[in-house]
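Visitor: Next comes the sequence, and after it the predicted model I'd like to discuss.
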Amino acid sequence: MTSTSTSDAVRHFAAKLQFETDPSDVHAAIESGERFVLVDTRGDAAWRQGRVPQAIHLPTADIAERASGLIDPATPVVVYCWGPGCNGSTKAALQFSLLGYEVREMIGGFEYWAREGLPVVNDNGPVVRDIDDLTSPVGADAIDCAC
């Protein structure tokens, strides 16, 4: 294993936190009224299947053409796609970055949002899911991994 300096590690992890966030932090930001736009970058079928209620739908392929008409470039953006096995949110974050937006990627994507028991809706209304005990404490009043 290669040794790294402490200063390299600090730069690396600080950069990750500057450009990434997670579902529980996004949920907390929504609840506290923080100013940003949450963007679901998946395709139409995925959007209809389920989504974060506060999200807007803007598939990655449409960002370059439609973003400025939907989102003020001065507004921070958080993007998500399916989950950790998908790099769609990374591609979307790059597209927003190229347009000059301040953007963060929600790691874990929609999969971990849903698995943590956070609010989900589909075209028929709210979708109720049990909290996955591998992603969140079960029986807690609020989602808090104490991290």
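Guide: Perfect, I can see it now. Keep in mind it's a predicted model, so treat the numbers as computed, not measured.
Visitor: residue closest to the middle of the chain?
Guide: For the chain, the residue nearest the mean C-alpha position is Met106 (2.7 Å; CA atoms, centre = their mean).
Visitor: Could I get the phi/psi values of the closest residue to that one other than its chain neighbours?
Guide: In space, and not counting its chain neighbours, Met106 is closest to Tyr80: 4.1 Å by CB to CB, 6 or more residues apart in numbering. The C-beta positions use only the backbone N, C-alpha and C, and glycine is treated the same way. Tyr80 adopts backbone torsions of phi -140, psi 160, taken as degrees, to the nearest 10.
Visitor: Check Val128 too.
Guide: phi -100, psi 130.
Visitor: how far away is it from Leu134?
Guide: 19 Å (CB to CB, to the nearest Å).
Visitor: and Leu118, what does it touch?
Guide: 23-24, 27, 52, 143 (CB atoms under 8 Å, 6 or more residues apart in numbering).
Visitor: export the residues you listed to TSV and tack on distance to Gly69 and secondary structure?
Guide: Putting the contacts of Leu118 into TSV (distance: CB to CB, whole Å; DSSP: H, G, I helix; E, B strand; the rest coil) gives the following:
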residue	distance to Gly69	secondary structure
Pro23	27	helix
Ser24	31	helix
His27	27	helix
Val52	21	coil
Ile143	34	coil
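Visitor: wait, which of the residues you listed is closest to Ile71?
Guide: Using CB to CB, Val52 comes nearest to Ile71 of those, at 15.7 Å.
Visitor: Touching the longest helix seen in the chain from outside, list them.
Guide: Secondary structure of the chain per DSSP state H: the longest helix is helix 6-19. For helix 6-19, the external contacting residues (CB under 8 Å, 6+ apart) are 93, 103-105.
Visitor: Would you check that Pro53 makes contact with Pro119?
Guide: Yes. Between Pro53 and Pro119 a contact is recorded at 5.3 Å, counting by CB atoms under 8 Å.
Visitor: from the contacts of Leu118, which has minimum pLDDT?
Guide: Lowest pLDDT within the contacts of Leu118 is found at Ile143 (58).
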